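Undergrad: here are the coordinates; sequence isn't available:
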């Protein structure tokens, strides 16, 4: 008795599915973003601001998601261990969002095509046909791997070396993203070294890339194949080690020995040294400061805040008075849950990283309360730059400030030098690994 036609089709489909599925074996610590069988875990996406995506009304976002995903699935297919796009359609976009990560991915494309990898939804790590002379004006001759949407001449815009293999061969990326800082290796050669990925969607206001977002595989004009798409999420401690290892120079000198207050002045009895960190005692405070003074400098440190915690970095402090007004500035150290804990509204010039009362910082880049954060503050003349956990949250010039919170002037803002310290405000905020480089 012959089997029914429907059964034959089912058997053929099953055999075909078996032939086109593949065992995926990510390295230790990594998760496979492509499972070797189907498009599970992926949705459709576009060059679209992820913050705007999250802000859409739920029904509108669901409708757009359905449209984009249907279009994506029409142009992408699982082919064994390869995820294949025909050169058209919406981008393969992870359903899950990621913060700090290490991404491994192989790709192979065809002549005249170009593509890219969006990090946290932001374009992009560029993939070129590096032989396409029509694109030499856009940098194709420099090779793949650069942060192509960065501003002209910005670090990372162009790859450090050309590392592309010939067409027909697989290329391999290793991409490390901590905060907004990105390093890229193409075929085991470093092509981007710890460069800031600029936010394509809001360069004018210098709003950083989101703290979390999806990985997107772009489609652009020709078939591209991907395989070995693996991701490892990076925790806070490892992220700090990565950030601390980059940019560290012999000029950085510790100003705290991790044991006692040698070299410090001010109301040190209001603080304790605990587990190698300076910690303000509860319901105590005041400004403690280094014996030495600094003009232009870079300070690197780690800090940890309790719920609703409040403190500040005293910059060019004269040794007396209120650091926010009599010193050049107080660079605010504040838990991002402060408003929720204290049931009060903050002025934007009071949030973490702000120049208190003068220049607002951008929020959303602090780690959860109770975790250590890594911060670098650069003071040059009247300017300040604050980088929190690898993301620049403030760049400003106090000499240009003419409007002050509560119309209260800051007579010390033009001080050319002074002490560095901590302005305690009754909360057990802690600081450790404090190093200063004079400029």
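TA: Thanks, I have the structure now. None of the values given here were measured: they were computed from a predicted structure.

Undergrad: can you give me the helices in this structure?
TA: 5-20, 50-55, 58-75, 236-245, 338-342 (DSSP state H).

Undergrad: JSON lines please, covering those and showing distance to residue 103 and mean neighbour count.
TA: For the C-beta atoms, the positions are set from N, CA and C on the backbone; glycine is no exception. As requested, those are exported to JSON lines (distance: least, C-beta to C-beta, whole Å; neighbours: other C-beta atoms under 10 Å):
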{"stretch": "helix 5-20", "distance to residue 103": "25", "mean neighbour count": "10"}
{"stretch": "helix 50-55", "distance to residue 103": "16", "mean neighbour count": "15"}
{"stretch": "helix 58-75", "distance to residue 103": "19", "mean neighbour count": "14"}
{"stretch": "helix 236-245", "distance to residue 103": "14", "mean neighbour count": "16"}
{"stretch": "helix 338-342", "distance to residue 103": "33", "mean neighbour count": "15"}
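
Undergrad: Compare those and give me the one nearest residue 132.
TA: Comparing the helices of the chain by their distance to residue 132 (C-beta to C-beta), the top pick is helix 58-75, with 21.8 Å.

Undergrad: Okay, domains of this structure per the record?
TA: With automatic domain parsing serving as the domain definition, the record reports that the chain contains domains spanning 16-234, 242-438.

Undergrad: can I get the helices of the chain in a markdown table with distance to residue 385?
TA: Shown next, in a markdown table, are the helices of the chain (distance: least, C-beta to C-beta, whole Å):
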| stretch | distance to residue 385 |
| --- | --- |
| helix 5-20 | 51 |
| helix 50-55 | 23 |
| helix 58-75 | 35 |
| helix 236-245 | 15 |
| helix 338-342 | 23 |
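
Undergrad: Pick out the shakiest of those, pLDDT-wise.
TA: Per-segment mean pLDDT for the helices of the chain reaches its minimum on helix 5-20, at a mean of 42.

Undergrad: Need the residue closest to the centroid of the chain.
TA: Central residue of the chain (C-alpha atoms, centre = their mean): residue 179, 2.0 Å from the mean position.

Undergrad: Next up, the contacts around residue 140.
TA: The neighbourhood of residue 140, defined by C-beta atoms under 8 Å, 6 or more residues apart in numbering, consists of 114, 128-132.

Undergrad: Repeat the analysis, applying 6 Å as the threshold.
TA: Residue 140 is in contact with 128, 130, 132, counting by C-beta atoms under 6 Å, 6 or more residues apart in numbering.

Undergrad: Between the residues you listed, which sits nearest residue 242?
TA: Sorting these by how near they are to residue 242, with C-beta to C-beta, puts residue 128 at the top with 27.4 Å.

Undergrad: was I right about that closest one contacting residue 145?
TA: No - with the criterion set as C-beta atoms under 6 Å, residue 128 and residue 145 do not qualify as a contacting pair; they are 9.0 Å apart.
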